[in-house]
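S.K.: Kindly generate the corresponding structure for this input.
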Amino acid sequence: MKCLNDVSYKDCVGKVCKSNLSGNFKIVEYNNKTNVKIQFINTGYEAVVELGNIRKGWVKDRLSPSVYGVGIIGAKYPSRVNGFLTKEYELWSEMLKRCYSDTYQKKYPTYEGCKVSDNFLHYEYFYEWCQNQIGFGIEGFELDKDLLIKGNKVYNESTCVFIHAEINSLLTKCTASRGEHLIGVCWHKRDKVFMATVSKNKGKQEYLGSFKTEIEAFNAYKVAKEDFVKEQAEKWKSQIDKRVYDSLMNYTVEIAD
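M.R.: As a prediction, this is how the structure comes out:
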């Protein structure tokens, strides 16, 4: 591979070099080929790296917004342990991707307009926040941003909670796939009636009946859905944040959903 920085151990100290990832940095100390101290010009971040990686430009400023152009990793916590991404980093980077990746938002347009708070742009802050959250690290639990505040578009410490995937899937709306009618309602062309169904465990559909009007069918869905959400709140009560439990118990289906 062609070197980005033409430096040798003999005269490298004091030279300003380029990084493929994070801008310019200065070599401040050489001890041996695997122990070279550098300092990034823009942030002052210091690191000990290998001379070979300096030549290739394979060094990263952990204080620069390098993840999706906004996320700052910092130097306090690793993003990998034994070669595997940490749970905290996976959650953090996926959150940033949903908010700041044009490619992702084209595929999932419901995330258009979403953003991350200033605190959550810092991996160190997010890492420490995770440690104090009920449900974090438990198999099957996911990060949620809009249960506490319906329609919320901002990821921050007051809106985000961890909920089990079973609850999360229950609250997910498939607007694009349900057609022109109100949520939970479809038109039965042969019998000329409105049918109501509700999705329960693992996406299984439960038939609620046939109705003359769309609003009657919707009301049947609304009652069944709200009752089932409350059942799930009781089922998971011992494992979820009290804020999650309260939100589920107060969950309402709106006609505009």
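S.K.: now C130: how far from W92?
M.R.: 9 Å (Cβ to Cβ, to the nearest Å). Quick note: C-beta positions are derived from backbone N, CA and C, even for glycine.
S.K.: Counting neighbours, go ahead and name the busier of these two.
M.R.: Using other Cβ atoms under 10 Å as the criterion, C130 and W92 rank with W92 on top: 29 against 19.
S.K.: Can you classify the more buried one as helix, strand or coil?
M.R.: Secondary structure for W92, judged by DSSP: H, G, I helix; E, B strand; the rest coil, is helix.
S.K.: Leaving aside the residues adjacent along the chain, what's closest to it?
M.R.: In space, and not counting its chain neighbours, W92 is closest to F126: 4.9 Å by Cβ to Cβ, 6 or more residues apart in numbering.
S.K.: now do G14
M.R.: That would be I27: by Cβ to Cβ, 6+ apart, it lies 6.7 Å from G14.
S.K.: ditto for N31
M.R.: K37 (7.6 Å).
S.K.: Who does the one helix or strand A47 maps to pair with, and is each partner parallel or antiparallel?
M.R.: Counting by DSSP states H and E, the element that carries A47 is strand 46-49. Using DSSP bridges, the strands paired with strand 46-49 are strand 35-40 (antiparallel).
S.K.: what's the model's confidence in the strand it pairs with, averaged?
M.R.: For strand 35-40, the mean pLDDT works out to 97.
S.K.: what about L148, helix or strand, and which?
M.R.: Using DSSP H and E, no helix or strand contains L148.
S.K.: The lowest-mean-pLDDT helix or strand in the chain: what's the following helix or strand?
M.R.: When each helix and strand of the chain is scored by mean pLDDT, DSSP states H and E, helix 175-178 comes last, with a mean of 51. With elements assigned by DSSP H and E, the helix or strand that comes after helix 175-178 is strand 185-188.
S.K.: And that following strand, what's buried?
M.R.: 185-186 (16 or more other Cβ atoms under 10 Å).
S.K.: Could you do stretch 78-94 as well?
M.R.: Buried, per 16+ other Cβ under 10 Å, within stretch 78-94: 79, 86, 88-89, 91-93.
S.K.: Dump these into JSON lines; add distance to I72 and pLDDT as well.
M.R.: Putting these into JSON lines (distance: Cβ to Cβ, whole Å; pLDDT from 0 to 100) gives the following:
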{"residue": "S79", "distance to I72": "12", "pLDDT": "95"}
{"residue": "T86", "distance to I72": "16", "pLDDT": "98"}
{"residue": "E88", "distance to I72": "14", "pLDDT": "98"}
{"residue": "Y89", "distance to I72": "13", "pLDDT": "98"}
{"residue": "L91", "distance to I72": "16", "pLDDT": "98"}
{"residue": "W92", "distance to I72": "10", "pLDDT": "98"}
{"residue": "S93", "distance to I72": "12", "pLDDT": "98"}
